[in-house]
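Visitor: make a model of this:
(one chain, ligands or ions: 1)
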Amino acid sequence: MDDWDVAIVGGGILGTSIAYWVASRYDGRIAVLEREARVGEHASRRNTGVVHRPFYLHPTRARTFARASQVSYGLWKRYAAERKLPWSAVGTLKVARVEEEVKALEENLQFAAANGMDPKEVELLDGRDVAKLEPNVACAAALHAKTDTVVDYGALTEAVRADAEALGVRFLTHFPVDAVEANPYGVVLMAGAYRPWVRTRFLLNCAGGEAVRLAHEAGVATEYADLHFRGDYWIVGAEAGGLVGRNVYTVPRHPDLPFLDPHWVVRVDGRREIGPNAVPVPGPYAYEGLFRHAPGWAARAFEPPAGNKLRFALSRTFLTLSAREMVSALSRGEMSRRVQRFIPRLREGDLVARGFAGIRANVVDRRGGLVKEAIEVAGPRSYHILNYNSPGATGAPAYGAYLVDRLAARGDLDHLGKNTKSRSPWTWESVAGPMGLAS
Ligand SMILES: Cc1cc2nc3c(=O)[nH]c(=O)nc-3n(C[C@H](O)[C@H](O)[C@H](O)COP(=O)(O)OP(=O)(O)OC[C@H]3O[C@@H](n4cnc5c(N)ncnc54)[C@H](O)[C@@H]3O)c2cc1C
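Guide: Numbering: from 1, shown residues only. As a prediction, this is how the structure comes out:
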């Protein structure tokens, strides 16, 4: 048995950032267990790639995420410059297609100020001003978020892994944790054929699409179920790619389901894509096809707690999703029609190929509702982060520090020695004040 003081399951952008902070604050044997060959292979690479400024996050209801986004922006910006990783401040237009939607943009302007953004970074434009900036965008008004930036989160995660390794963290890749068993000596993490198994004095579950399953394995969070939604992207051909130079998002038609409306996305290599949509799929790795997953659904539907999913299936939210989203997932025409609402010159034939897909794991509560914020659940010798969704990649460095502060306050890291190692690239002091951390 391989013994560790802290084992983090999940080498996504969150688990990797947390590993960095634990190792920069404490001495001890720290491991990250990752099922894939490299870090950041799932949601952390397969996303829109935007460093989101927090103009759309409610300053009190989404307080931790709003702060994490605001603080992490500066951390990522300096980090990308130091490590010579791509950083392209293309900006985002969030458009109101009709007058009735403009008040949502006005509210966003207030959120931006409350979340500490400089007033020069966001500007409310009327339709004519938008046309001067982006002649092919049609709308009643738009919020121009000038510092929204596109990056390669996969490359950022790999760079943070290298920094965590320099502080002594070990990354055990190809380690797919199947089962979790707490005993008086620690928590044992079992992984099928992989040997040796791991025993840890403390487990941190950052397993993204499998976080709920692992929490259930550890006997906690049993009131929650999860559902997985695949978001597909389409690549826009080079000629039509010149239509718009910024990201374009819309005021969500269903505020409870903001991930339903596709965006016009500028990728860090300059390509343009549209997406993502949101198609229910039966698991965290169902990246291709739709109907081939039918057997998977039968198994998932009856997983406990089945009542959550049943109530979700009967909810208006699900009816909206299933009928509309399934059709659009299969249809390039429907995706292009949605984007034509704000870029009328885009044609179906401009979507030349499918891009990659990313999968979002959404927690469903007892009432059958999709939970909006990240959830933290403490277990015996363990802590579990569920529902860590967008803008999770943006906020990972500061959110990771916030979690380490939480664990320290609970005494979960008392078995580790205090660290005297040099800290690079991020200092605790630069995060603690703005995040309101205790230590
Ligand atoms: C389509 C889409 C677009 C998005 N766009 C943006 C965006 O533009 N900007 C933004 O800020 N955020 C965005 N997000 C959200 C962001 O990508 C996520 O919040 C973030 O990547 C979550 O990071 P994570 O480390 O928690 O999860 P993941 O990256 O999924 O990492 C979890 C890791 O755990 C590993 N793992 C899982 N189970 C096990 C196991 N049993 N044993 C061992 N390892 C395991 C997985 O292999 C994976 O590497 C988007 C998300 C999606 C799905």
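Visitor: who's in contact with the closest residue to Pro284 other than its chain neighbours?
Guide: Using Cβ to Cβ, 6 or more residues apart in numbering and skipping the chain neighbours, the partner closest in space to Pro284 is Gly209 (2.6 Å). No exception for glycine: its C-beta is placed from N, CA and C like everyone else's. Shown in contact with Gly209 (Cβ atoms under 8 Å, 6 or more residues apart in numbering): His42, Ala43, His228, Gly283, Pro284, Tyr285, Ile359, Ala361.
Visitor: let's see the pLDDT reported for Gly209.
Guide: Looking at Gly209, its pLDDT reads 98.
Visitor: and for Val90?
Guide: At Val90, the model reports a pLDDT of 98.
Visitor: the one 3 residues further on now?
Guide: Here the pLDDT value assigned to Leu93 is 98.
Visitor: tell me the helix or strand right after the helix or strand harbouring it.
Guide: Element membership for Leu93 (DSSP states H and E) is strand 92-96. Moving toward the C-terminus from strand 92-96, the next helix or strand (DSSP H and E) is helix 102-114.
Visitor: near the ligand, which residues of the stretch 251-400 of the chain? Just list them.
Guide: Residues of the stretch 251-400 of the chain lying close to the ligand (Cβ under 6 Å from any ligand atom) are Pro276, Gly358, Ile359, Arg360, Tyr388, Asn389, Ser390, Pro391, Gly392, Ala393, Thr394.
Visitor: pipe those into a markdown table and attach neighbour count per row.
Guide: Below are those laid out as a markdown table (neighbours: other Cβ atoms under 10 Å):
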| residue | neighbour count |
| --- | --- |
| Pro276 | 29 |
| Gly358 | 21 |
| Ile359 | 22 |
| Arg360 | 23 |
| Tyr388 | 28 |
| Asn389 | 21 |
| Ser390 | 18 |
| Pro391 | 23 |
| Gly392 | 25 |
| Ala393 | 29 |
| Thr394 | 27 |
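Visitor: pLDDT-wise, what's the bottom of those?
Guide: Pro276 (91).
Visitor: check contacts around that one.
Guide: Listed by Cβ under 8 Å, 6+ apart, the contact partners of Pro276 are Thr48, Arg230, Gly231, Asp232, Tyr233, Phe259, Pro262, Ala357, Gly358.
Visitor: need the phi and psi values for it.
Guide: phi -90, psi 160 (degrees, to the nearest 10).
Visitor: thinking again about what came up before, dump the contacts of Gly209 to a markdown table, plus distance to Glu303 and secondary structure.
Guide: Output for these, formatted as a markdown table (distance: Cβ to Cβ, whole Å; DSSP: H, G, I helix; E, B strand; the rest coil):
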| residue | distance to Glu303 | secondary structure |
| --- | --- | --- |
| His42 | 20 | coil |
| Ala43 | 21 | coil |
| His228 | 12 | strand |
| Gly283 | 11 | coil |
| Pro284 | 13 | coil |
| Tyr285 | 16 | coil |
| Ile359 | 17 | strand |
| Ala361 | 13 | strand |
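Visitor: now the residue of the stretch 251-400 of the chain found nearest the ligand: how far from Val212?
Guide: Per Cβ to the nearest ligand atom, Gly392 is where the stretch 251-400 of the chain lies closest to the ligand, at 2.1 Å. Separation of Gly392 from Val212 (Cβ to Cβ, to the nearest Å): 15 Å.
Visitor: ends of stretch 28-40, what's the gap?
Guide: End-to-end distance for stretch 28-40, by Cα to Cα, to the nearest Å: 24 Å.
Visitor: in that stretch, which residues are buried?
Guide: Neighbour-count burial for stretch 28-40, counted by 16 or more other Cβ atoms under 10 Å, picks out Gly28, Arg29, Ile30, Ala31, Val32, Leu33, Glu34, Arg35, Val39, Gly40.
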